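Q: Pasting the sequence and the predicted model now:
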Amino acid sequence: MTASPISTNYVSATTNYVAISRRTLDLEDYIDVARRHVSWIVGPMLAGTVIAIVVAFALPNVYVSQAEMQITPAQISESIVKTTVNQVLTDRIMQMQNEILSRTSLSNVIQDPRLDLYKPDRASKPIEDVIETMRTNIKIKIDSLPGDGSRRASAFSISFSYPDRIKAQQTVQALVTKFQDSNLTTQATQQKVVNTYVHDELSEAKAKLDQINEQLTKFRVENSGKLPEQSNLNMAQLTALQQQSTTVNDGLNRLAQERVQLDQRETTLQGQIDLFNMFDKETVPAAPVTRRQNERLIEMNRNIENIETQLAQFHQLYKPNYPDIRDAEARLQVLRNQRDDLQKKLDDEQAKLEEAAKEQKEPATKPTNFANAQSLSNLQGQIDATRALVKSNEMQRASLMKQQQTINKSIDDYQAKLAATSGIEATYAEMVANQRAATDKFQVLQRSQDLTEQNGELLSRKAGENLDVLDPPSLPASPAKPNRLLIVGAGAAMSLVLGVAMAGIREAKDTSLKNLKDVRAYTNLPVLSSIPLLENTLLVRRKRRMAYLAWSAAIIVGMLAISASLYYHYTSSV
């Protein structure tokens, strides 16, 4: 080539170095660069491709088995049987996922004799690392299906990646079974917790309600008739008794008036008899004075009787120190004294008349007056009848007085009950409120217990929420990874880029003139002719043989590596 002589003459003729910018390369220049550094481009590309093929076929096949599951809502509407579990379905799936992906659960799956997963890894790594590897190979994706509110079904997929496609399918089946068992166990556990809680709360509420009922019953027995709920009845009874008392008082007043009339009648009849007797005697002149005194005495007796009746009524209604009672007793005492004085005066006059009659001569016997005798007999019969009415009046009055005492005693009892009601009203109201609250709580818990029993019945009949398998675990026909074509293509592309980069670096470091374009561009001198570079033929042949030998060895090593990786791949996948 002519590059070296030109470059040498240029350097020898130049005494100072001057920085000169490179000229712009064209397509022919790029082709010349590729031809000059073809080994730096093809070599890394060949090595990268071989390495990519070896890595792609050395990696084990990974098969992915997948299953689809869903939790369907209860077959019975919540308007008929409300659920006692308030956990959202998605949350339940997450809970089951945490349980299944726990260390204990995955350890059991790995060491299951039917599966015997990750046997080489278990021999060289701790079980925790193996469990973590399996956890990363398990993918659970939750998707919500269309539905109404919280009762909509939730679907989720389970996938597992493993070099053995049969074991991958069996492992997914084992995970599906675990999910189903966990769902049943979770529902049974939640239902048991709810049943236990409601039963304990119901027993406690029943015991508290019985205790409050016992205390309230004892309080009602001890305060019978004084309870606030009986105050209306007591008030009605008191009003009725007061009306009865008024009626009895009216009866006593009526009997008192009748007694006065009967006494007046008896006095009148007795006066008539006395008049007839006086007419039969000779001491006729004294009759007018005696009759006037008798009438006054009768009037005083009537007044005394009225005051005694009024005083008896006062004693039934008021206490002894009542002012009206004291006034009535004072008037009664004055009238009695006046009556006694008048009675004494009448007795004295009667004695004088009798003595005067004895001093007179015995009158001549008069003939019997049969009309007067008959009148006296009639008057005596009327007096006897009046006395009988008086006796009956006294008996009625005694009965009414006894009845009045009974009524007054009952009135006092009911008034005492009404007075005691205000004292126990607050305590009784508090006890009744406690009983009402305890009763309401007991009824609510009883309904809750019925609801939990219904939910338990639904669970036993499998009419509640169920975990169904939409798609059973699939048996993969082809591996999901690695993508060998992608690995080989990426390796070849990366090695090609690396080779081009290395060629570019070598070209950038080479500052010699490569062709006539460089001579004209960098020397600004006309080129008259060019002399090709002459090399030793033996040396050229030797370099070619070494190059052929090196490339042949590289190709053979690459083919052997590729063959070994293919053999390992197909023998290990059988």
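A: Cool, got the structure.

Q: quick one: the strands in the stretch 51-200 of the chain?
A: Taking DSSP state E, counting those that start in this stretch as the test, the strands found in the stretch 51-200 of the chain are 63-72, 138-144, 154-162.

Q: Including mean neighbour count and mean pLDDT, could these go into a markdown table?
A: From N, CA and C alone the C-beta is placed, and that goes for glycine too. Below are the strands of the stretch 51-200 of the chain laid out as a markdown table (neighbours: other C-beta atoms under 10 Å; pLDDT from 0 to 100):
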| stretch | mean neighbour count | mean pLDDT |
| --- | --- | --- |
| strand 63-72 | 21 | 84 |
| strand 138-144 | 14 | 79 |
| strand 154-162 | 22 | 85 |
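
Q: With distance to residue 229 as added columns, please give those strands in a markdown table.
A: Below are those laid out as a markdown table (distance: least, C-beta to C-beta, whole Å):
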| stretch | distance to residue 229 |
| --- | --- |
| strand 63-72 | 55 |
| strand 138-144 | 58 |
| strand 154-162 | 56 |
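
Q: which stretch among those comes nearest residue 232?
A: With C-beta to C-beta as the criterion, residue 232 lies closest to strand 63-72 of these, at 60.4 Å.

Q: Strand partners (parallel or antiparallel) of that closest one?
A: Strand 63-72 has the following strand partners under DSSP bridges: strand 154-162 (antiparallel), strand 466-471 (antiparallel).

Q: Give me the below-cutoff pLDDT ranges for the stretch 301-450 of the chain.
A: Low-confidence segments of the stretch 301-450 of the chain (pLDDT under 70): 318, 357-375.

Q: same question, the stretch 151-300 of the chain
A: 151-154, 275-276, 278-295.

Q: same check, this time on the stretch 451-574 of the chain
A: 454-465, 532-535, 572-574.

Q: returning to what we had before: for residue 340, which of the strands of the stretch 51-200 of the chain is the nearest?
A: Closest approach to residue 340 among the strands of the stretch 51-200 of the chain is made by strand 63-72 (114.6 Å; C-beta to C-beta).

Q: circling back: quick check: which of the strands paired with strand 63-72 is nearest to residue 353?
A: strand 466-471 (130.1 Å).

Q: can you redo the strands paired with strand 63-72 as TSV with distance to residue 219?
A: Shown next, in TSV, are the strands paired with strand 63-72 (distance: least, C-beta to C-beta, whole Å):
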stretch	distance to residue 219
strand 154-162	56
strand 466-471	54
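
Q: which one of the strands of the stretch 51-200 of the chain lies closest to residue 474?
A: Counting by C-beta to C-beta, residue 474 lies closest to strand 63-72 out of those; the figure is 5.4 Å.

Q: Pull up the gap between residue 25 and residue 496, please.
A: 20 Å (C-beta to C-beta, to the nearest Å).

Q: Specify which residue of the two has the higher count of neighbours.
A: More neighbours surround residue 496 than the other of residue 25 and residue 496, with 17 against 12 (other C-beta atoms under 10 Å).

Q: who touches the more buried one in this structure?
A: 41, 44, 45, 48 (C-beta atoms under 8 Å, 6 or more residues apart in numbering).

Q: make it 7 Å
A: Applying C-beta atoms under 7 Å, 6 or more residues apart in numbering, we find residue 496 in contact with residue 45.

Q: ok but it is inside a helix, no?
A: Yes - applying DSSP: H, G, I helix; E, B strand; the rest coil, one finds residue 496 inside a helix.

Q: May I have the helix or strand hosting residue 29 as PDB, with CA atoms only?
A: In the assignment (DSSP states H and E), residue 29 maps to helix 27-36. Extracted in PDB, the C-alpha atoms of helix 27-36 (Å, rounded to 0.1, in the frame of the first residue of the first chain):
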ATOM      1  CA  LEU A  27     -20.000   5.700   1.800                       C
ATOM      2  CA  GLU A  28     -16.900   4.500   0.000                       C
ATOM      3  CA  ASP A  29     -14.800   5.500   3.100                       C
ATOM      4  CA  TYR A  30     -17.200   3.600   5.400                       C
ATOM      5  CA  ILE A  31     -16.900   0.500   3.100                       C
ATOM      6  CA  ASP A  32     -13.100   0.900   3.200                       C
ATOM      7  CA  VAL A  33     -13.200   1.100   7.000                       C
ATOM      8  CA  ALA A  34     -15.300  -2.000   7.200                       C
ATOM      9  CA  ARG A  35     -12.900  -3.800   4.800                       C
ATOM     10  CA  ARG A  36      -9.900  -2.800   6.800                       C
END
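
Q: Which residues does that helix contact?
A: Everything outside helix 27-36 that qualifies as a contact, by C-beta under 7 Å, 6+ apart, is 41, 503, 507, 514, 515.

Q: Outline the domain layout of the protein.
A: Domains of the chain are assigned by automatic domain parsing as 3-57+500-573, 63-205+463-471, 229-359+369-449.

Q: okay, now residue 385: neighbour count?
A: 14.

Q: from the chain's centre, how far out does the host helix or strand of it sit?
A: Secondary structure assigned from DSSP H and E places residue 385 in helix 370-460. Taking the mean of its C-alpha atoms, helix 370-460 sits 47 Å from the chain's own mean (C-alpha atoms, centre = their mean, to the nearest Å).

Q: Use 47 as the first number from now on
A: Yes, from this point I'll number from 47; that puts the last item at helix 416-506.

Q: and that helix, what other elements does it pack with?
A: helix 211-268, helix 277-326 (3 or more C-beta pairs under 7 Å, 6 or more residues apart in numbering; DSSP states H and E).

Q: Specify the angle between it and helix 277-326 in degrees.
A: 170 degrees (axes from the mean of the first three to the mean of the last three C-alpha atoms, to 10 degrees).

Q: Now do helix 416-506 against helix 211-268, angle only.
A: Using the same axes, to 10 degrees: helix 416-506 against helix 211-268 is 170 degrees.

Q: can you put the domains of the chain in TSV and add distance to residue 534?
A: Compiled in TSV, the domains of the chain are given as follows (distance: least, C-beta to C-beta, whole Å):
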stretch	distance to residue 534
domain 49-103+546-619	5
domain 109-251+509-517	20
domain 275-405+415-495	67
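
Q: tell me which element the closest residue to residue 365 other than its chain neighbours is part of?
A: Leaving out its chain neighbours, the residue that sits closest to residue 365 by C-beta to C-beta, 6 or more residues apart in numbering is residue 371, at 7.9 Å. Assigned by DSSP H and E, residue 371 belongs to helix 369-405.

Q: And residue 361, by the same measure?
A: Short version: residue 361 belongs to helix 333-363, going by DSSP H and E.

Q: Identify each buried residue in that helix, please.
A: 333, 336, 339-340, 343-344, 346-357, 359-360, 362 (16 or more other C-beta atoms under 10 Å).

Q: Distance from it to the middle of the chain?
A: Here helix 333-363 is found 84 Å from its chain centre; the criterion is C-alpha atoms, centre = their mean.

Q: quick one: contacts for residue 217?
A: By C-beta under 7 Å, 6+ apart, the contact set of residue 217 is 155, 161, 163, 206, 208.

Q: which among those residues gets closest to residue 479?
A: When the contacts of residue 217 are compared against residue 479 (criterion: C-beta to C-beta), the nearest one is residue 155, at 59.4 Å.

Q: Okay then, goodbye and thanks.
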